[in-house]
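>>> Predicted model, plus sequence, below.
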Amino acid sequence: MLSRELQKGIHWVGALDWDRRTFDELIPLPDGTSYNAYLVKGGEKTALIDSVDPAFADVLLDRLAALGVTRLDYVISNHAEQDHSGAIPAVLARYPEAMVVATPRGQGLLMDLLAIPAERCLPAEDGAALELGGRTLRFIHFPWVHWPETMLTWLEQDQVLFSCDLFGAHLAVGDMVAPDDCVALEAAKRYYAEIMMPYRNVIRGNLPRVTVLPVDTICPSHGPVLHRPHAILDAYRGWVSDEPKDRAVIAYASMHASTRVMAQHLAEALIARGVGVDLFNLANADLGKIAIALVDAATIVLGSPTVLGGAHPLVANAAYVANLLKPRARFGAIVGSYGWGGKMVNQLTGLMPNLKLELFEPVIVKGLPKPADLETLDRLAEAIAAKHAGLGSA
Ligand code: FEO
């Protein structure tokens, strides 16, 4: 198996998972993914930055063998999650002299998750350097990208940042080069929305630690290597800011068209007032696209019929997932329908305690919406547009 030489002495030795279609049995992967591992050769020492998912351990070992690597001094573990650490035991077995370098918290997780022995571990203190001979690795503790133990590794002389899950994308490309910036940023935004957005405030606080570095190349743990890092750095600055855009997400389910009519009417009413709208029928929506829309939305609208006395399970799930992702939306509304009563509104608002949304008056109608109900939705659109005044468009 051939590696990809990024520059002299620095190789991508990871694995492409072209066929994987979900992560964590939750996140859709329309474009597969990659588990990126990198080999860095110094004048005296050789380091492997992360490993791969355990199912691809042989791929990693084959790439190292093809490069003629007979001795490995260090395995730098930026992140203990198994899609990056899972092949470390196989690497340690093949290279018995190699030591694992991780944050103190990372060491504990590697011992717990993979039974890596303490005597094979070295601590990576924040800001500490590891000399390879003419090349210096410097460790930057950066918790919550995406677990509490994560760190980034900075290769000083080459100005290469091995950025862990941060700046990553679930995107399998054979040459490890993004087809173009738009494709790369869309995939990165999906990844940010699904993985990083819940930790937005921590990332915003730590981001200056890497934006001050003279970064020439970003090597993330998933997706293509980024040779024009300003694009992803600028995008992250915007995504982690506190200011949402003049956009609304409307996510709904509908059994007999009443809620669908309401959701679509509200969408048109918002668009007519200049508010950007992302409308999702939850019966067939891509969770990743909803997450992307939540990055920018200032308002979240849930639309639900009443089923068995409560919210439709698809809408309840959407509320639960939105609550986990903690988007920066400021306003919320619930619209929907019922036949003879129920507790749908209280159920849905109770599922989103993390979001601190300012809620508009719910619009709940009996059966199909009547003209007066549609006028109520027009007034809701007016109120949303007024609250969005001053927000920028995406
Ligand atoms: Fe790609 Fe958090 O592991």
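Happy to help now that I have it. Treat the numbers as computed from the prediction; the structure is a model and nothing was measured. Residues are numbered from 1 along each chain as shown.
>>> What is the burial count for the residue in the chain that the ligand sits nearest to?
With CB to the nearest ligand atom, the shortest gap between the chain and the ligand falls at Glu81, namely 3.7 Å. C-beta coordinates here come from the backbone N, C-alpha and C atoms, glycine included. As a burial measure, Glu81 scores 19 neighbours (other CB atoms under 10 Å).
>>> repeat for Gly350
Neighbours of Gly350 (other CB under 10 Å): 13.
>>> need the contact list for it.
Contact partners of Gly350, counting by CB atoms under 8 Å, 6 or more residues apart in numbering, are absent.
>>> That one and Ile334: what is the separation?
Taking CB to CB, to the nearest Å as the criterion, Gly350 is separated from Ile334 by 11 Å.
>>> and for the two, which residues touch both?
Common contacts of Gly350 and Ile334, defined by CB under 8 Å, 6+ apart, are absent altogether.
>>> re the thing from before, the residue of the chain closest to the ligand against Trp147, yeah?
Yes - when contacts are counted by CB atoms under 8 Å, Glu81 is listed as touching Trp147 (6.0 Å).
>>> how about the residues of this protein near the ligand?
Taking CB under 6 Å from any ligand atom as the criterion, the neighbours of the ligand within the chain are 79, 81, 83-84, 146, 165, 221-222.
>>> hmm, back to that, and the pLDDT for the residue of the chain closest to the ligand?
At Glu81, the pLDDT value in this model is 98.
>>> May I have the phi/psi pair for it?
Geometry field for Glu81 lists phi and psi as phi -60, psi 150, criterion degrees, to the nearest 10.
>>> any idea how far Gln107 is from it?
According to CB to CB, Glu81 and Gln107 sit 14 Å apart.
>>> again with Lys326
With distances defined as CB to CB, the gap from Lys326 to Gln107 amounts to 29 Å.
>>> if you count what's nearby, which of these two comes out ahead?
Neighbours around Lys326 and Gln107, counted as other CB under 10 Å, are more numerous at Gln107. The numbers are 22 against 17.
>>> what are the phi and psi angles of that one?
phi -60, psi -40.
>>> what's the neighbour count on Gln157?
Applying other CB under 10 Å, we find 10 other residues in the vicinity of Gln157.
>>> doesn't Thr136 make contact with it?
Yes - with contacts defined as CB under 8 Å, Gln157 counts as touching Thr136 at a distance of 6.5 Å.
>>> where does the residue nearest to Arg328 when sequence neighbours are not counted fall, helix, sheet strand or coil?
In space, and not counting its chain neighbours, Arg328 is closest to Pro244: 5.0 Å by CB to CB, 6 or more residues apart in numbering. The three-state label for Pro244, taken from DSSP: H, G, I helix; E, B strand; the rest coil, comes out as coil.
>>> show me where this structure has helices.
Listed in chain order, the helices of the chain (DSSP state H) span 57-66, 82-85, 88-94, 104-114, 181-191, 200-206, 208-211, 229-240, 258-272, 287-296, 313-325, 344-350, 371-387.
>>> Contacts only, for the closest residue to Arg260 other than its chain neighbours.
Among residues not flanking Arg260 along the chain, Ser254 sits closest, at 3.7 Å (CB to CB, 6+ apart). For Ser254, the contacting residues are 260, 263, 281, 283, 303, 305, by CB under 8 Å, 6+ apart.
>>> Over to Met1?
Under the criterion of CB under 8 Å, 6+ apart, the contact partners of Met1 comprise 59, 62-63, 66.
>>> Compare those and tell me which is most surrounded.
Sorting the contacts of Met1 by how many neighbours each has (other CB under 10 Å) puts Arg63 first, at 22 neighbours.
>>> and it, what does it touch?
Contacts were defined as CB under 8 Å, 6+ apart; by that measure Arg63 touches 1-3, 11, 13-14.
>>> Restricted to strands, list these.
By the criterion of DSSP state E, membership of the contacts of Arg63 in strands covers His11.
>>> For Asn78, give me the pLDDT.
As summarised for this prediction, Asn78 has a pLDDT of 98.
>>> Skipping its backbone neighbours, what lies nearest it in space?
Excluding its sequence neighbours, the residue lying closest to Asn78 (CB to CB, 6+ apart) is Cys164, at 4.1 Å.
>>> what's the answer for Arg228, then?
Excluding the flanking residues, the one nearest Arg228 by CB to CB, 6+ apart is Asp181, at 6.7 Å.
>>> hang on, isn't that neighbour packed against Ala231?
Yes - here Asp181 reaches Ala231: they are 5.3 Å apart, a contact under CB under 8 Å.
>>> Number of residues surrounding the residue nearest to Ile232 when sequence neighbours are not counted?
Excluding its sequence neighbours, the residue lying closest to Ile232 (CB to CB, 6+ apart) is Phe167, at 5.0 Å. Close neighbours of Phe167, defined as other CB under 10 Å, add up to 28.
>>> Also Lys356?
Taking other CB under 10 Å as the criterion, the count of residues near Lys356 is 10.
>>> who touches the closest residue to Gln264 other than its chain neighbours in this structure?
Closest residue to Gln264 apart from its sequence neighbours, by CB to CB, 6+ apart: Leu279 at 7.1 Å. Residues in contact with Leu279 (CB under 8 Å, 6+ apart) are 250, 252, 263-264, 267.
>>> Check Val52 too.
Contact criterion CB under 8 Å, 6+ apart gives 14-15, 35, 37, 59-60, 83-84, 86-87 as the residues in contact with Val52.
>>> If we use 6 Å, what do you get?
Under the criterion of CB atoms under 6 Å, 6 or more residues apart in numbering, the neighbours of Val52 are 14-15, 35, 37, 60, 87.
>>> which pair in these spans the largest distance?
Gly14 and Ala87 (9.9 Å; CB to CB).
>>> thinking again about what came up before, any idea how far the residue nearest to Arg228 is from Ala172?
Distance of Asp181 to Ala172, computed by CB to CB: 18 Å.
>>> So for those two, which residue has more residues nearby?
More neighbours sit around Ala172 than around the other of Asp181 and Ala172, counting by other CB under 10 Å; the figures are 20 against 14.
>>> isn't the more buried one right up against Asn36?
No - because the distance of 10.9 Å does not satisfy CB atoms under 6 Å, Ala172 is recorded as not touching Asn36.
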